[in-house]
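In: got a predicted model here, sequence first, then my questions.
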Amino acid sequence: MVRFLARRLLAGAVVLFIISVAVFVLFFVLAPGDPAANFVGKGATPQQIQMARVRYGLDQPAYVQYLKYAGGLLHGDLGFSFRNAEPVTKTLLTRLPATASLAVGSAVLWLSIGIPVGILAATRPRSFRDRAATIFSLGGLSAPSFVVGLLMLYVLFFRLTLLGWHVFPGNGYVPLTSDPIGWARHLLLPWVTLAITYAASYSRLVRGSLLEVLGEDYIRTARAKGLSERRVVLRHGLRSALTPVVTLLGIDLGSLLGGAIVTEAVFGLQGIGQTAVQAVTTGDLPIIFGTVMFAAFFVVVGNLVVDLVYALLDVRVRAT
């Protein structure tokens, strides 16, 4: 198990190294114009440009610049935003609670919907509930998240507010530590918006995987022993069927922690995705490449957690 974990950690470190090199080449080497002026942005003063040049070592050879940049990454330094006048790491960590609340809450919701729907469809293939699950999946996958979000804002916020029912707030984020109820009220609509699309894809994934597992020899053996269908499905079939779900969950959750751009923009959540959009608009390059590395870190960590869960679900994975 230790060797398995060491190999996965090494692979994750290699991936982050490759991404850091790609980010460096794109923003430090291939970017047109003066890199120092690009980092500071439009309307910068000569003093600010010189500060950027010194901070990133832009007057030194490329390999020295990369070593300085990589050394900062190893110490959690993602750069300095001259527009915000603060370190990029501080900016992203300030916005992380909103993004993490959105990602984790919506993941709990879509798993609570998608897995049961997939199980019901797989245990009665070609039945009415299987067809109903198919319609649910097609509907969820066909509805873009920004459309679902805008519809929810119109119906559950705008229309209800006109009727005098202030049930859901329109936008914004309330920290969990300051007001748990307000935190949940502000995030409920974004959670549902993301959960509708993701639950649809997860239900189809669970259905297909569970149908394949239920046809295996060991499942027929379990049934021949007289075990109840409920125990056969939940204890023997579902455990193996969840491995592709774990894979997809790790990727999706890691990506969302890197910023759910559309949903954050629709509901005005000041998270990492919204920060990235604002940085692109204002040309704040340190925020842009800091967000790229931040998102890459979460995707790599998500895949590492997936590998560990794989090892717990299937002992054969540890030998690979």
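Out: Looks like it came in fine.
In: okay, strands next: where are they in this structure?
Out: Using DSSP state E, the strands of the chain run over 80-81, 86-87.
In: which secondary structure elements does the last one contact?
Out: In other words, strand 86-87. strand 80-81 (3 or more CB pairs under 8 Å, 6 or more residues apart in numbering; DSSP states H and E). Bear in mind the C-beta positions are built from the backbone N, C-alpha and C, glycine included.
In: what pairs with the strand it packs on, and is each one parallel or antiparallel?
Out: If you go by DSSP bridges, strand 80-81 pairs up with strand 86-87 (antiparallel).
In: what does the partner strand contact?
Out: 77, 78, 79, 80, 81 (CB atoms under 8 Å, 6 or more residues apart in numbering).
In: run the last query once more with 6 Å
Out: Applying CB atoms under 6 Å, 6 or more residues apart in numbering, the set of residues contacting strand 86-87 from outside is residue 80.
In: now it: mean pLDDT?
Out: The average pLDDT within strand 86-87 is 88.
In: what of stretch 300-310?
Out: On average, stretch 300-310 scores 81.
In: not counting its own residues, what contacts it?
Out: Residues contacting stretch 300-310 (CB under 6 Å, 6+ apart): 8, 12, 15, 16, 246, 247, 250, 253, 254, 317.
In: go again with 8 Å.
Out: Taking CB under 8 Å, 6+ apart as the rule, stretch 300-310 contacts 4-5, 8-9, 12, 15-16, 243, 246-247, 249-251, 253-255, 257, 317.
In: repeat for stretch 35-53
Out: Under CB under 8 Å, 6+ apart, the answer for stretch 35-53 is 27-28, 31, 34, 56, 58-59, 79-80, 82-83, 282-286.
In: the stretch 1-150 of the chain: helices as residue ranges?
Out: Applying DSSP state H, counting those that start in this stretch to the stretch 1-150 of the chain gives helices spanning 2-24, 35-40, 46-55, 62-74, 88-123, 128-142, 145-152.
In: which one, of those, ends up nearest to residue 183?
Out: helix 88-123 (6.9 Å; CB to CB).
In: where does this protein have low pLDDT?
Out: Flagging of the chain using pLDDT under 70 yields the residue ranges 1, 43-44, 311, 313-320.
In: what distance do you get for residue 232 to residue 219?
Out: According to CB to CB, to the nearest Å, residue 232 stands 6 Å off from residue 219.
In: more neighbours: the two, which one.
Out: Neighbours were counted for residue 232 and for residue 219 using other CB atoms under 10 Å; residue 232 has more, 20 against 17.
In: quick check: that one touching residue 223?
Out: Yes. Residue 232 is within contact range of residue 223, at 5.7 Å (criterion: CB atoms under 8 Å).
In: residues that sit against both of those two, list them.
Out: Joint contacts of residue 232 and residue 223 (CB under 8 Å, 6+ apart) do not exist.
In: which residues does the residue lying closest to residue 288 once chain neighbours are set aside contact?
Out: Counting by CB to CB, 6 or more residues apart in numbering, residue 279 is the residue found nearest to residue 288 once chain neighbours are left out, at 5.0 Å. Neighbour list for residue 279: 285, 287, 288, 291 [criterion: CB under 8 Å, 6+ apart].
In: wait, isn't the last one in contact with residue 277?
Out: To tie it back to what came earlier, the one meant is residue 291. No. Using CB under 8 Å, residue 291 is not in contact with residue 277, being 9.9 Å away.
In: which of those two has more neighbours?
Out: Each of residue 291 and residue 277 has its neighbours counted (other CB under 10 Å); residue 291 has more, 25 against 16.
In: now the more buried one: how far from residue 231?
Out: In terms of CB to CB, residue 291 sits 47 Å off from residue 231.
In: try residue 72
Out: 54 Å.
In: those two: who's more crowded?
Out: Set side by side, residue 72 and residue 231 show more neighbours around residue 72, with 18 against 12, by other CB under 10 Å.
In: what sits against the residue lying closest to residue 297 once chain neighbours are set aside?
Out: Spatially, and ignoring its direct neighbours in sequence, residue 297 is nearest to residue 16 (6.7 Å; CB to CB, 6+ apart). Contact partners of residue 16, counting by CB under 8 Å, 6+ apart, are 293, 296, 297, 300.
In: what is the burial count for the last one?
Out: Think residue 300. With other CB under 10 Å as criterion, residue 300 counts 21.
In: equivalent analysis for the second one, please.
Out: Residues contacting residue 296 under the criterion other CB under 10 Å number 20.
In: how is the protein carved up into domains?
Out: Domain segmentation of the chain under automatic domain parsing yields 2-88, 92-319.
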